[in-house]
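Peer 1: sequence below, structure please.
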Amino acid sequence: MSITPNLLVFGALAGPAALAAIGVVASKNAVRSALCLVVNFFLLAFLYFTLQAEMLGITQIVVYAGAIMVLFLFVIMLLNLGSLQLFDEKKDIKQPIGIALGVSLAGMLAAVVVPNFMKVDDAKKVLPNYGSPQAVGSFLFTQYTVPFEGVAILLLVGVVGSILLAKRRIS
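Peer 2: Below is the predicted model of the structure:
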């Protein structure tokens with residue numbers, strides 16, 4: 001397997017993305033955790049760009065780094081979650097057990113995934129318009145029409161339900 005410039009850029013972005021993801025989970029401050037999530041979203045978008053999936057990268061920036069994170073930060077500010085004290089001062093056994101289980105799970109996944117990556121000789125040839133808005137739209141409205149409509153209905157039900165719940169609290 002040869003090292004290409006695209007692979008180097010991917011590796012340079014994947015490491016900080018993994019660290020930002022760990023920062024989301026490990027940070028006890030909700031604002032810092034949300035900021036690590038923003039960094040992770042942007043790095044993930046750049047990873048999509050290195051894989052020539054421009055549509056996914058743009059969607060990642062607009063939808064997740066933009067809209068979803070504004071919602072998260074608004075909720076954090078609304079609930080005043082600046083600093084939470086999650087654990088008491090006494091020793092809690094759940095945290096070390098959780099860390100040990102997480103590390104063992106990551107090790108087991110790596111033991112299964114890494115050998116499969118070593119067997120890959122070369123990247124498969126992709127279609128010339130892979131990741132373009134036209135290709136995504138074509139798949140979305142031909143092959144995946146039913147799941148797309150199902151998600152649209154599910155989101156509509158969620159919006160209507162949240163409006164009804166909010167209306168009930170006001171009256």
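
Peer 1: rest of the way, CA atoms for contacts and neighbours
Peer 2: Fine.

Peer 1: strands along the protein, start to end?
Peer 2: Counting by DSSP state E, the chain forms no strands at all.

Peer 1: surely Gly23 meets Val31?
Peer 2: No: with contact defined as C-alpha atoms under 8 Å, Gly23 does not count as touching Val31 (11.3 Å).

Peer 1: buried stuff in the lowest-mean-pLDDT helix or strand in the chain?
Peer 2: Across the helices and strands of the chain, mean pLDDT, DSSP states H and E gives its lowest value to helix 69-79, namely a mean of 77. Applying a neighbour-count criterion of 16 or more other C-alpha atoms under 10 Å, one finds 69, 73 buried in helix 69-79.

Peer 1: how about residues contacting it?
Peer 2: Contacts with helix 69-79, where a contact means C-alpha atoms under 8 Å, 6 or more residues apart in numbering, come from 30-31, 34, 38, 82.

Peer 1: change it to 7 Å
Peer 2: Residues outside helix 69-79 that contact it (C-alpha atoms under 7 Å, 6 or more residues apart in numbering): Val38.

Peer 1: got the CA positions of that helix in PDB?
Peer 2: This file holds the C-alpha atoms of helix 69-79, laid out as PDB (Å, rounded to 0.1, in the frame of the first residue of the first chain):
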ATOM      1  CA  MET A  69     -24.700  23.200  17.000                       C
ATOM      2  CA  VAL A  70     -26.600  26.500  17.300                       C
ATOM      3  CA  LEU A  71     -29.400  24.500  18.800                       C
ATOM      4  CA  PHE A  72     -27.100  22.700  21.200                       C
ATOM      5  CA  LEU A  73     -25.500  26.000  22.300                       C
ATOM      6  CA  PHE A  74     -28.900  27.600  22.700                       C
ATOM      7  CA  VAL A  75     -30.000  24.800  25.000                       C
ATOM      8  CA  ILE A  76     -26.800  25.000  27.000                       C
ATOM      9  CA  MET A  77     -27.200  28.700  27.500                       C
ATOM     10  CA  LEU A  78     -30.900  28.400  28.200                       C
ATOM     11  CA  LEU A  79     -30.400  25.700  30.900                       C
END
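
Peer 1: thank you, goodbye.
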